[in-house]
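Visitor: let me see the structure of the following:
(one chain, ligands or ions: 1)
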Amino acid sequence: MSRIVLGVAGGVAAYKAALLLRAFTEAGHDVRVVPTPAALRFVGAATFEALSGNPVTTDVWADVDEVAHVRIGQTADLVVAAPATADLLARAAAGRADDLLTATLLTAHCPVVFVPAMHTEMWLHPATQDNVATLRRRGSVVLPPAVGRLTGPDSGPGRLPEPGDVAALAGVVLGCGAGALARDLEGRRVVISAGGTREPLDPVRYLGNRSSGRQGWALARVAAARGAEVVLVAANVEEPAPFGVRVVPVGTAKELRVAVTAEAADADVVVMAAAVADFRPAAAAGTKLKKGGASEPDAVALVRTADVLAELVQTRPAGQLVVGFAAETGDDEGDVLTHARAKLVRKGCDLLVVNDVSGGRVFGRPDNAAVVLAADGSATEVPEGSKDAVAAAIWSAVVPRLA
Ligand code: CTP
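Guide: Next up, the predicted model:
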C-alpha cells in the first residue's frame, strides 16, 4: 500500500478526480485528497472524504497542531494533481504556497504527476507552456492533455485523460519513478501493433488467438506520455483508444500487414506486439458452413500468412528500429530464451520482447514480466509488474538505441 496525495484544482474536470480516487483506492492505496478551495465549488468535500476514508482540508489553518501543510507532502509516496488547471501549474511553477495543495507540492520529496485540464487557449498560451517546461525541468511529470470535447461545445487539446489511463500512468511513476515517463520520445513517430488477428472460416467463424491487446495498449499509452506521436494498429481490441493515440482498427493478418506497412514508412520505431496468425484458412466460405450439408468441411486447409515483422526488417528505412515480441514455452529442444534467441536472429529485428507463457501465463492478465533481448547480445530482465510498467521498461531499452 502506498500513500498517494490526490491534489484537485478548480476546473470542471474535478468530477473525474472522484473516479481517479476510486481507481487508486481499489488498487489498495491510501489516498489523501487535497482540493483547492475552487475545486470544492465543483465537487463537495464529502465525496472525497467518503471515497478516500480520509479527512479533506484545503487550507493551511486547519489542524495547525499537526503541521499538515508540511506533513502531508513529506509523507507521500506520490502526488498526483488532477485536474491541474492553468492557475495551479502557474502557482506550482512559481513556487507559491498559498493553499494546502501548493504547500504540499513544495514539501513533497516523492514524484509528482500533473494532469492538466483546461481550455485549449489556456493550454497553448506561452505562459502555460513555459510553466509546464519549468515543472518538467524540475523533474515533475506533466502529462499531455487529451484532445476532445471540452466543457462547452468546443473541442481540442485540454481534456482530462480518462481516469483509467491516468491511474495506469501514475502507477508506473509510483513503481518506477518519474524517469519512467521522461519526455525522451518527443519528436519521435511510433507505430505499435496490438491485439490478435482473426482469420475467417465463414461469415460467422474465425481462427483467432488469446491476445488481449493490453500490452500494446500500455506501450502506446506510455509512449504518448513520453512525448511520441503514436499510431496503434489494433487487431480486434474493443478498448477505447489510449489518450493521445491514433488507433487504426484491423481484423485479419492481411489487413494488419497493409496498415502497419503504410504507417511504418516514416516511423522511428515499429513495435510488433500483435499476435499475428501464422496460417489462415485457404478459402473462407462465402456462406455459413452447415452440419450435415454439402458444405460440411472434412478438414480446414491452411496457408501461411506473410511474416510482417520479417518484412518490416527487410524494407525498413535507414535508422528505423524494429521491435518484435515472442510468447514462448520451453520444450525438449530448448528453454524459453534459447528459442527466443533463435527467433531474434531469424526475424532480424533489433529487440525482441520475450514472454514466458508456460502454463497459460500472461494472456489476459493485468501483470506481465519479460526479457528484452537485443541484437547486440544483451538481455534485460523486466521484473513482474503492471503492463504499463513493463511498457516503460521496454521504451527505456528502445530509447538509447534510437538514431
Ligand atoms: N509476426 C508477424 N507476422 C506473422 C507472425 C508473427 O509479424 N505472420 C510477429 C509478431 O507480431 C511478433 C513476432 O512476429 O512480434 C513473433 O511472433 P511468433 O508467432 O512468435 O513468431 P513465428 O515466427 O511465427 O514463430 P513460431 O514458429 O514460434 O510461431
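Visitor: the residue nearest to Ser193 when sequence neighbours are not counted: how many residues sit nearby?
Guide: Spatial nearest neighbour of Ser193, excluding adjacent residues (CB to CB, 6 or more residues apart in numbering): Ala274 at 3.7 Å. No exception for glycine: its C-beta is placed from N, CA and C like everyone else's. The number of residues packed near Ala274 is 30, by other CB atoms under 10 Å.
Visitor: Ala274 and Gly216 touch, don't they?
Guide: Yes - the criterion here is CB atoms under 8 Å, and Ala274 meets it with Gly216 at 6.7 Å.
Visitor: quickly list what's touching both of the two.
Guide: Shared contacts of Ala274 and Gly216 (CB atoms under 8 Å, 6 or more residues apart in numbering): Ser193, Ala194, Gly195.
Visitor: near the ligand, list only the ones from these.
Guide: Residues of those in contact with the ligand (CB under 6 Å from any ligand atom): none.
Visitor: list the buried ones in stretch 1-15?
Guide: Neighbour counts over stretch 1-15 (16 or more other CB atoms under 10 Å) mark Ser2, Ile4, Val5, Leu6, Gly7, Val8, Ala9, Gly10, Gly11, Val12, Ala13, Ala14 as buried.
Visitor: ugh, typo on my part, it should be stretch 117-132
Guide: By neighbour count on 16+ other CB under 10 Å, the buried set for stretch 117-132 is Ala117, Met118, His119, Thr120, Met122, Trp123, Thr128, Asn131, Val132.
Visitor: turn the residues you listed into CSV, columns for pLDDT.
Guide: Below are the buried residues of stretch 117-132 laid out as CSV (pLDDT from 0 to 100):
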residue, pLDDT
Ala117, 97
Met118, 97
His119, 95
Thr120, 96
Met122, 97
Trp123, 97
Thr128, 98
Asn131, 98
Val132, 98
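Visitor: of those residues, which belong to helices?
Guide: Thr120, Met122, Trp123, Thr128, Asn131, Val132 (DSSP state H).
Visitor: of those, which pair is most distant in space?
Guide: Spatially, the most separated pair among these is Thr120 and Asn131, at 16.0 Å (CB to CB).
Visitor: now Pro249, nearest residue through space, not along the chain?
Guide: Pro249's closest residue in space is Ala234 (CB to CB, 6+ apart), at 5.5 Å.
Visitor: hmm, the helix or strand hosting the one you found in reach of the ligand?
Guide: Here Ala234, judged by DSSP states H and E, is contained in strand 229-235. No - Strand 229-235 lies out of reach of the ligand by CB under 6 Å from any ligand atom, never closer than 9.8 Å.
Visitor: can you tell me the average pLDDT over that strand?
Guide: Per-residue pLDDT values over strand 229-235 give a mean of 98.
Visitor: run through the neighbouring helices and strands of that strand.
Guide: Helices and strands touching strand 229-235, by 3 or more CB pairs under 8 Å, 6 or more residues apart in numbering; DSSP states H and E, are strand 189-195, helix 214-225, strand 245-250, helix 253-264.
Visitor: swap in 10 Å and give it another go.
Guide: Judged by 3 or more CB pairs under 10 Å, 6 or more residues apart in numbering; DSSP states H and E, strand 229-235 is in contact with strand 189-195, helix 214-225, strand 245-250, helix 253-264, strand 269-272.
Visitor: in which helix or strand does the closest residue in space to Leu105 that isn't next to it in sequence reside?
Guide: Using CB to CB, 6+ apart and skipping the chain neighbours, the partner closest in space to Leu105 is Ala92 (5.3 Å). Element membership for Ala92 (DSSP H and E) is helix 86-94.
Visitor: next SSE after that helix?
Guide: Following helix 86-94 in sequence order, the next helix or strand is helix 100-107 (DSSP H and E).
Visitor: mind listing what's buried in that following helix?
Guide: Buried-residue list, helix 100-107, by 16+ other CB under 10 Å: Leu100, Leu101, Thr102, Ala103, Thr104, Leu105, Thr107.
Visitor: before we move on, what about stretch 308-315?
Guide: Applying 16+ other CB under 10 Å to stretch 308-315 flags Val308, Leu309, Ala310, Leu312, Val313 as buried.
Visitor: ok, stretch 49-56 next?
Guide: Neighbour counts using 16+ other CB under 10 Å place Leu51, Ser52, Val56 of stretch 49-56 among the buried residues.
Visitor: angle of the one helix or strand Ala170 maps to against strand 245-250?
Guide: Element membership of Ala170 [criterion: DSSP H and E] is helix 163-176. For helix 163-176 against strand 245-250, the angle by axes from the mean of the first three to the mean of the last three CA atoms, to 10 degrees is 110 degrees.
Visitor: please compute how far helix 163-176 lies from its chain's middle.
Guide: 9 Å (CA atoms, centre = their mean, to the nearest Å).
Visitor: convert the C-alpha atoms of it to PDB, please.
Guide: Below are the C-alpha coordinates for helix 163-176, written out as PDB (Å, rounded to 0.1, in the frame of the first residue of the first chain):
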ATOM      1  CA  PRO A 163      -9.200   8.100 -15.100                       C
ATOM      2  CA  GLY A 164      -8.100   4.600 -16.200                       C
ATOM      3  CA  ASP A 165      -5.300   6.000 -18.300                       C
ATOM      4  CA  VAL A 166      -4.200   8.400 -15.500                       C
ATOM      5  CA  ALA A 167      -4.300   5.600 -12.900                       C
ATOM      6  CA  ALA A 168      -2.200   3.300 -15.100                       C
ATOM      7  CA  LEU A 169       0.500   6.000 -15.700                       C
ATOM      8  CA  ALA A 170       0.500   7.200 -12.100                       C
ATOM      9  CA  GLY A 171       1.100   3.500 -11.200                       C
ATOM     10  CA  VAL A 172       4.200   3.500 -13.400                       C
ATOM     11  CA  VAL A 173       5.600   6.600 -11.700                       C
ATOM     12  CA  LEU A 174       4.800   5.100  -8.300                       C
ATOM     13  CA  GLY A 175       6.600   1.900  -9.100                       C
ATOM     14  CA  CYS A 176       9.500   3.100 -11.300                       C
END
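Visitor: quick one: the residue most central in space within the chain and Thr329, what's the gap?
Guide: Most central in the chain under CA atoms, centre = their mean is Arg221, positioned 2.6 Å from the mean C-alpha point. Separation of Arg221 from Thr329 (CB to CB, to the nearest Å): 28 Å.
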